[in-house]
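> Okay, predicted coordinates and the sequence, questions at the end:
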Amino acid sequence: MICVFFLIMKRIEFVSDRLVEQIIEGRKTASVVHLDAVDVDEDEYNHALVVGHHYEVYDGMREPRCVIRVTGMELCRWDTIPERLWKGETNENADEFRADHLDYFNTPEDDFEFIAYYFHLILDSVEDPPPPKATTGPPIPSKKPPKQRKKPQKQPETAITSHHSQAGEWSPERGWNPTLSEAKPALTPFLCAF
């Protein structure tokens, strides 16, 4: 049996394509955000951060590149950078982390606080999967003679029929609903076979 399910995903855009590449390579597992921006949807490409949620990561051209899952957050101070943070940011030590983030945080004082968030790479590339086939495979041969099918009766002209599917659904008549890519937040299809 083939099933299709949809994972409603938020979005996040990083300031540098180099950072996105580090995520895809599996080296970058942490990032930071200003304390007052953690629970704010900045725009359609930067949603509020929530532990446990999945985020489609966008590059500088606003192209989806990978999927991450936020696994934790912590309140940090500029004068005491945790080792897990500077390592997750691909830095060699806390001083290198501070040097890399000096402009981002606008030359902060020692008591400056910010949020560190940690994540795991879930998918290292984001592509539109091919739509599933309307059938699940070839029919299984049967020793019974085929049943005679009744001819479908034509519906009266006054009957109303609908071939519309909901956003992100598959229907044999229409295939993928074209509004799938326009849905906000992103609906990402995942295929599984049993």
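Alright, I've got the coordinates. Numbers count the residues shown, from 1 in each chain.
> Next one: the closest residue to Ala48 other than its chain neighbours from Tyr117, what distance?
The shortest distance from Ala48 to any residue other than its chain neighbours is 4.8 Å, reached at Asp39 (Cβ to Cβ, 6 or more residues apart in numbering). Yep, even glycine has a C-beta here, placed from its N, CA and C like the rest. Distance of Asp39 to Tyr117, computed by Cβ to Cβ, to the nearest Å: 12 Å.
> burial count for the residue nearest to Ala48?
Neighbour count for Asp39, taken as other Cβ atoms under 10 Å: 11.
> hey, where'd the helices end up in the chain?
17-24, 83-88, 94-101 (DSSP state H).
> Dump those to CSV, plus distance to Glu109, mean neighbour count and mean pLDDT.
Conversion of those to CSV gives the following (distance: least, Cβ to Cβ, whole Å; neighbours: other Cβ atoms under 10 Å; pLDDT from 0 to 100):
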stretch, distance to Glu109, mean neighbour count, mean pLDDT
helix 17-24, 25, 17, 96
helix 83-88, 18, 17, 98
helix 94-101, 12, 16, 97
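> any chance of those helices in TSV, with distance to Ile122 too?
Formatted as TSV, the entries for those read as follows, by distance: least, Cβ to Cβ, whole Å:
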stretch	distance to Ile122
helix 17-24	11
helix 83-88	16
helix 94-101	25
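> What is the burial count for Trp78?
Other residues near Trp78 number 19, with proximity taken as other Cβ under 10 Å.
> right, and it touches Asp110 too?
Yes: between Trp78 and Asp110 a contact is recorded at 5.6 Å, counting by Cβ atoms under 8 Å.
> quick one: Phe14 and Phe119, what's the gap?
Remark: distance between Phe14 and Phe119 (Cβ to Cβ) = 11 Å.
> wait, I meant Glu63
For Glu63, the distance to Phe119 (Cβ to Cβ) stands at 19 Å.
> Between these two, which has more neighbouring residues?
The residue with the greater number of neighbours, taking Glu63 and Phe119 and applying other Cβ under 10 Å, is Phe119; the counts read 25 against 11.
> Just grab the bridge partners of the more buried one for me.
Beta-bridge partners recorded for Phe119 (DSSP bridges): Val70.
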